[in-house]
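K.L.:
Dropping a prediction and its sequence here:
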Amino acid sequence: MQKNKTKDAVINIKVDANLKDKATRLAQALGMPLSLVIAGGLRQFIVKQGISFFTLQSERGETAFAELQPSAYLEEAITEARRERARGGHHSFSSAQEAVSFLNSLGRSKKKAKTKI
């Protein structure tokens, strides 16, 4: 019986030397090679079909990374959308054309309402 062999590929990337050193030290402190950290990031990128971006924040002169958080306005909009959905005030569409037709019908019904006045 033969073991499944994976073919390793090499990726050459340019990053800030300080960033690489810090990441290497942290990975070593956690008992893993930096390549394992990078491969894990690539796997997460594929699974999520996207990437989480980070922003720099400075505390006491130190640079730290923190995930971006939605603004208060966006949080409010999300909360309202969830309430509306819970009340059944949402629409689902099986195609883009169906969604466009629905939106067009809203415009026509508003025009009709204006002309009835």
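P.N.:
That came in fine, so what should we check first?
K.L.:
And the helices in this structure?
P.N.:
17-29, 34-48, 72-86, 96-116 (DSSP state H).
K.L.:
Now render these as a markdown table, adding mean pLDDT.
P.N.:
Shown next, in a markdown table, are the helices of the chain (pLDDT from 0 to 100):
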| stretch | mean pLDDT |
| --- | --- |
| helix 17-29 | 92 |
| helix 34-48 | 90 |
| helix 72-86 | 89 |
| helix 96-116 | 76 |
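K.L.:
closest one to residue 10 among those helices?
P.N.:
Residue 10 sits nearest to helix 34-48 of all these, at 9.8 Å, using CB to CB. C-beta here means a position set from N, CA and C on the backbone, and glycine is covered the same way.
K.L.:
Give me the contacts around the closest one.
P.N.:
11, 20, 23, 24, 27, 51 (CB atoms under 8 Å, 6 or more residues apart in numbering).
K.L.:
can you state the direction angle for that helix and helix 17-29?
P.N.:
100 degrees (axes from the mean of the first three to the mean of the last three CA atoms, to 10 degrees).
K.L.:
domains of this protein?
P.N.:
Domain ranges of the chain: 12-51, 52-91, per automatic domain parsing.
K.L.:
These into a markdown table, with extra columns for mean neighbour count and distance to residue 99?
P.N.:
Shown next, in a markdown table, are the domains of the chain (neighbours: other CB atoms under 10 Å; distance: least, CB to CB, whole Å):
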| stretch | mean neighbour count | distance to residue 99 |
| --- | --- | --- |
| domain 12-51 | 10 | 22 |
| domain 52-91 | 9 | 8 |
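K.L.:
Turn the ones you listed into TSV, columns for distance to residue 98.
P.N.:
Formatted as TSV, the domains of the chain follow (distance: least, CB to CB, whole Å):
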stretch	distance to residue 98
domain 12-51	24
domain 52-91	9
